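# Okay, sequence plus prediction incoming.
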Amino acid sequence: MKQIIKCNVPFTTWLGTVSLELDAAGRFGTARNYRRACRSFSQFLSESRSPLWPDENTIIGYSSWLQRRGVVRNTISFYMRILRSAYNKAVSKGLVPADTPFTKVYTGIDSTRKRAVDEKFIARLLHLDLRGKPALEQTRDMFIFSYCTRGMAFIDMVMLEKKNIRGDMLVYCRKKTGRRLSVKIEDRVRDTIEKYSRSGSRYIFPVLGNLSPETEYRHYQTALGYYNRNLKRLSRMIGSDVELSSHTARHSWASCARKHNIPVSVISAGMGHDSEKTTLIYLSSLDSSAIDNANRKLMASLVKMEQAF
């Protein structure tokens, strides 16, 4: 028999409470995602008759409502995972009984289009003449730095502090997961650190100032947009049909490591993933070129066999 939820606080109010707790913990990006999901779910509720807390029918209805509005599957899954996380937090606090209203909706991650570049592209980017273009030069250097530090995320790069340098290692915690990572400082990484470190600033890169946490996060968002726009300019300067983004260095490191026969378990650990399953999502859309090359060799072999008759 299904248990009745006795909590009189609406689920949307609970979502707001969780987002405030995340803000207080300095997890501003996650808090922002919760607010996004809350706005979307609130809009759905305003157009439907639903209980204070979502049941299975409500969640299925919300999924269908998003689909009718043309929302892509990954975004639907993004909302569902946030709602499920908030629901489970309420369960853990005893606010609602344990239930599974999300079992019949999609909460996975579809493979996205290829976003990696090969080592030849990286070399061309390194040798791009950017004299007189300091903003583009810094963007290029940060992209290469990311690639050389196993695909370090932009937010982790701009928040790297000098205290994160421990001898010949960079030791930091990923903002996204809180996972602690140690990266050996290779020569190119050290050169970049020396190039951009400024006395008087605690940061390695001159992107953020000594700001309050909330202002710092807003400044980071502005810097991320500027970084991505500059990466697209660099793509055009190289004449590539691949548009660089802040994610490209991370995908490229994973792709190149795989091409060098690095085991998936090692790539996963290097990227700070919690499981190899996440790493395989990165790699699944990157291995198609290797498969195409294998197929091309088979077709060429078939042609030779045909010509021999």
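Yes, it's here.

# Give me the pLDDT value at residue 134.
At residue 134, the pLDDT value in this model is 95.

# What of residue 297?
Reading off the model, residue 297 has pLDDT 66.

# Next, count neighbours for the residue nearest to residue 172 when sequence neighbours are not counted.
Excluding the flanking residues, the one nearest residue 172 by C-beta to C-beta, 6 or more residues apart in numbering is residue 164, at 4.8 Å. Placement of C-beta: from N, CA and C, glycine included. Using other C-beta atoms under 10 Å, residue 164 has 18 other residues around it.

# so what's residue 164 up against?
170, 171, 172, 204 (C-beta atoms under 8 Å, 6 or more residues apart in numbering).

# Give me the buried positions along the host helix or strand of the third one.
Meaning residue 172. Using DSSP states H and E, residue 172 sits within strand 169-173. Within strand 169-173, the residues that qualify as buried by neighbour count (16 or more other C-beta atoms under 10 Å) are 170, 172.

# who does the helix or strand following that strand touch, helix- and strand-wise?
For strand 169-173, the following helix or strand on the C-terminal side (DSSP H and E) is strand 180-184. Where contact means 3 or more C-beta pairs under 8 Å, 6 or more residues apart in numbering; DSSP states H and E, strand 180-184 is packed against strand 169-173.

# How about whichever strand or helix holds residue 31, which residues are buried there?
Using DSSP H and E, the element containing residue 31 is helix 28-46. Of the residues in helix 28-46, 28, 30, 31, 33, 34, 35, 37, 38, 40, 41, 44, 45 count as buried by neighbour count, 16+ other C-beta under 10 Å.

# What is the burial count for residue 96?
Neighbours of residue 96 using other C-beta under 10 Å come to 21.

# Do you know the pLDDT at it?
85.

# okay, now residue 267: neighbour count?
23.

# Grab the nearest non-local neighbour of residue 16.
According to C-beta to C-beta, 6+ apart, the nearest residue to residue 16 is residue 38 (6.3 Å).

# who touches that neighbour in this structure?
12, 15, 16, 19.

# Any figure for the gap between the nearest residue to residue 51 once chain neighbours are set aside and residue 35?
Nearest non-adjacent residue to residue 51, counting by C-beta to C-beta, 6+ apart: residue 58, 6.7 Å away. Distance, residue 58 to residue 35, using C-beta to C-beta, to the nearest Å: 20 Å.

# How about residue 85?
14 Å.

# Now residue 165. Its backbone dihedrals?
phi -90, psi 110 (degrees, to the nearest 10).

# My understanding was that it contacts residue 193; is that so?
Yes. If you go by C-beta atoms under 8 Å, residue 165 and residue 193 touch, sitting 7.2 Å apart.

# Determine the residues that are contacts of both of those two.
By C-beta under 8 Å, 6+ apart, the residues touching both residue 165 and residue 193 are 185, 204.

# Just list the residues touching residue 28, thanks.
Applying C-beta under 8 Å, 6+ apart to residue 28 gives the contacts 22, 213, 214, 217.

# so how far is residue 206 from it?
Taking C-beta to C-beta, one finds residue 28 at 21 Å from residue 206.

# try residue 124
Counting by C-beta to C-beta - residue 124 and residue 206 are separated by 26 Å.

# now do residue 31
On the measure of C-beta to C-beta, residue 31 and residue 206 end up 27 Å apart.

# now residue 269
Taking C-beta to C-beta, one finds residue 269 at 31 Å from residue 206.

# cool, residue 51 as well?
Counting by C-beta to C-beta - residue 51 and residue 206 are separated by 52 Å.

# Which residues are in contact with the residue positioned nearest the centre of the chain?
Nearest to the mean C-alpha position of the chain, by C-alpha atoms, centre = their mean, lies residue 247 at 6.9 Å. Contact analysis of residue 247 by C-beta under 8 Å, 6+ apart lists residue 115.
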